[in-house]
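Novice: Give the three-dimensional model of this entry:
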Amino acid sequence: MPGVTHHDAPPLADLMPWSVAPPRLGRGWPVAPDAGSLKARWEALLKARGPGREALFEPTRSRTPYTAVGQLPGRSGGTERLIRASGPCPEPARVLVAPFDEQWLIPDHRLIDAARPELWRVADARQVFVAETAAASGTGPPLLATSLLPLLRPGRVRPLYRRPAAAEPNLAPGLLDHLTARLGHRPAPEDVLAWTLAAARPGPDGPVVPLTGDAGVWAAGVELGRRTLWLMRRDGERPKLPGGRRPYVRAPLPARPLTLSYDRDEETLHLDEGRVSPVPPQAWDFEAGSERVLEQWFAARTAQGEPGTLAAVRPATWPQAWTSELLELITVLALLAELRPLREALTVTAPITATGLRAAGILPVPAAARRPASVLDHREEGPEGQFALL
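Specialist: Numbering: from 1, shown residues only. Modelled structure (predicted):
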């Protein structure tokens, strides 16, 4: 991009050294766009007995109904083997399933092949997860930021903090001190994250983050990144487009829409005979990982699971909540698209290079910075109700 060089830009993997592979479910049915379907799937599973329950579960090498596992950190799911389980469904948790697609998950360790407990231990209201996307081709943002546990694959997940309550930022040791010396003021960890969202670019081995020692450029990039972060997290005041541009439902959506199309001339989104407008072309064209976000979002809510499987348990009609989510998603994508040219125009002067960070002793980072911190301050329930040893 003009003014920004990738040459010798520090890799994100060095600036935020602790990363975790995203959780791997192993089966699709514990996730759904609505929480009600998950509770109905759980009830259907528990009504089945023996081989019937095992077939509905969809066992893998990592998980069967007979697998003994501990409780997910911070969750209340049972720990008896699932083949004997009874009781209500664990309260579904909001998760990020695909770029800009927030859905629900049954947070039960017995249902998840690789849950990544280290991520659950640091998930709280102040945590921000940075997820790498499949945008190596340059389509869409290379990074997403979310307050929710991200299930996106295949990129790594980098928590902003290594401990709960925003303790111990997941930044290269000494980086904040180095930035303080170059900028003349001490940036907060959230400022480094904001700059990263504004400046990160795809690199040959993962995202790179051009850094600057120019305080004015830094301030402009942080402001841009904070706006990006607010739109991606969507956990505060709801974003809105100016009055005449706000999308509305112009013709009621059908009970079970099957097709999605876009009229560019009229800026109208068609869900069968239902109509939503105005929908800016930038929102419709917004891609992440070479897929249109709106098309991917709609497909997740209209896919039909194979008959006889738990994934087939879905709402009989289109819930009103999905319409509200769609209108907000259109707004978010349109506002993010407006930021793209500002990101592309960001000019990095007084660059802080990887070579410079090595000369300052910040790189390479110590091996301990790439491992999770020890955050166990209470006993975690292990298999069959026994407490794990600390």
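Novice: Name all residues that make contact with residue 197.
Specialist: Residues in contact with residue 197 (Cβ atoms under 8 Å, 6 or more residues apart in numbering) are 141, 143, 145, 225, 228-229, 232. C-betas here are computed from N, CA, C, even on glycine.
Novice: how close does it get to residue 209?
Specialist: Per Cβ to Cβ, to the nearest Å, residue 197 is found 9 Å from residue 209.
Novice: ditto for residue 108
Specialist: Residue 108 is 36 Å from residue 209, by Cβ to Cβ.
Novice: for residue 20, same thing?
Specialist: Separation of residue 20 from residue 209 (Cβ to Cβ): 19 Å.
Novice: Of all the residues in the strand or helix carrying residue 296, which ones are buried?
Specialist: Of the helices and strands defined by DSSP states H and E, residue 296 is found in helix 293-302. Neighbour counts over helix 293-302 (16 or more other Cβ atoms under 10 Å) mark 293-294, 296-298, 301 as buried.
Novice: need these in CSV with distance to residue 220 and pLDDT, can you?
Specialist: Listed next are the buried residues of helix 293-302 as CSV, based on distance: Cβ to Cβ, whole Å; pLDDT from 0 to 100:
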residue, distance to residue 220, pLDDT
293, 27, 97
294, 30, 98
296, 32, 97
297, 32, 98
298, 36, 98
301, 38, 98
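Novice: Kindly calculate the angle that the longest helix belonging to the chain makes with helix 293-302.
Specialist: Longest helix of the chain, by residue count under DSSP state H: helix 320-345. Angle between the axes of helix 320-345 and helix 293-302 is 160 degrees (criterion: axes from the mean of the first three to the mean of the last three Cα atoms, to 10 degrees).
Novice: The helix or strand that helix 320-345 is followed by pairs with which strands?
Specialist: Using DSSP H and E, the helix or strand that directly follows helix 320-345 along the chain is strand 351-352. Sheet pairing for strand 351-352, assigned by DSSP bridges, gives strand 211-212 (antiparallel).
Novice: Show me what the partner strand is in contact with.
Specialist: Contacts to strand 211-212, defined as Cβ under 8 Å, 6+ apart, come from residues 9-10, 179, 195, 199, 218, 221, 348-353.
Novice: what's the closest of those residues to residue 129?
Specialist: When the contacts of strand 211-212 are compared for distance to residue 129 (Cβ to Cβ), residue 195 wins out at 17.2 Å.
Novice: Spatially nearest residue to that closest one (excluding sequence neighbours)?
Specialist: Closest residue to residue 195 apart from its sequence neighbours, by Cβ to Cβ, 6 or more residues apart in numbering: residue 221 at 4.9 Å.
Novice: can you count the residues close to that neighbour?
Specialist: When neighbours are counted by other Cβ atoms under 10 Å, residue 221 registers 26.
Novice: Now that residue 301 has come up, it's in contact with residue 33, right?
Specialist: Yes. In this structure, residue 301 is within contact of residue 33 by Cβ atoms under 8 Å, at 4.9 Å.
Novice: what is in contact with those two at once?
Specialist: Residues touching both residue 301 and residue 33 (Cβ under 8 Å, 6+ apart): residue 322.
Novice: residue boundaries of the helices in the protein?
Specialist: With helices called from DSSP H, the chain shows them at 12-15, 35-47, 51-57, 117-122, 175-183, 189-199, 215-233, 281-285, 293-302, 320-345, 354-359.
Novice: I'd like the average pLDDT over the last one.
Specialist: By that I understand helix 354-359. Mean pLDDT, helix 354-359: 98.
Novice: how much space between residue 326 and residue 69?
Specialist: Residue 326 is 36 Å from residue 69, where distance means Cβ to Cβ.
Novice: returning to that earlier point: mind giving me JSON lines with the contacts of strand 211-212 and columns for distance to residue 161?
Specialist: Formatted as JSON lines, the contacts of strand 211-212 follow (distance: Cβ to Cβ, whole Å):
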{"residue": "9", "distance to residue 161": "24"}
{"residue": "10", "distance to residue 161": "20"}
{"residue": "179", "distance to residue 161": "17"}
{"residue": "195", "distance to residue 161": "17"}
{"residue": "199", "distance to residue 161": "21"}
{"residue": "218", "distance to residue 161": "21"}
{"residue": "221", "distance to residue 161": "21"}
{"residue": "348", "distance to residue 161": "26"}
{"residue": "349", "distance to residue 161": "30"}
{"residue": "350", "distance to residue 161": "28"}
{"residue": "351", "distance to residue 161": "27"}
{"residue": "352", "distance to residue 161": "23"}
{"residue": "353", "distance to residue 161": "26"}
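Novice: Would you quantify the distance from residue 233 to residue 217?
Specialist: Distance from residue 233 to residue 217, by Cβ to Cβ: 24 Å.
Novice: List buried residues within the contacts of strand 211-212.
Specialist: 9-10, 179, 195, 199, 218, 221, 348, 351-352.
Novice: Where does pLDDT dip in this structure?
Specialist: Applying pLDDT under 70 to the chain flags the ranges 1-6, 134-139, 376-390.
Novice: Can you give the domain ranges for it?
Specialist: Using automatic domain parsing, the domain parsing of the chain gives 12-237+347-385, 243-322.
Novice: mind putting those domains in TSV, distance to residue 332 included?
Specialist: Shown next, in TSV, are those (distance: least, Cβ to Cβ, whole Å):
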stretch	distance to residue 332
domain 12-237+347-385	5
domain 243-322	8
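Novice: if we can go back for a sec, looking at residue 233 and residue 217, which is more packed in?
Specialist: Comparing residue 233 with residue 217 by other Cβ under 10 Å, the one with more neighbours is residue 217, at 20 against 15.
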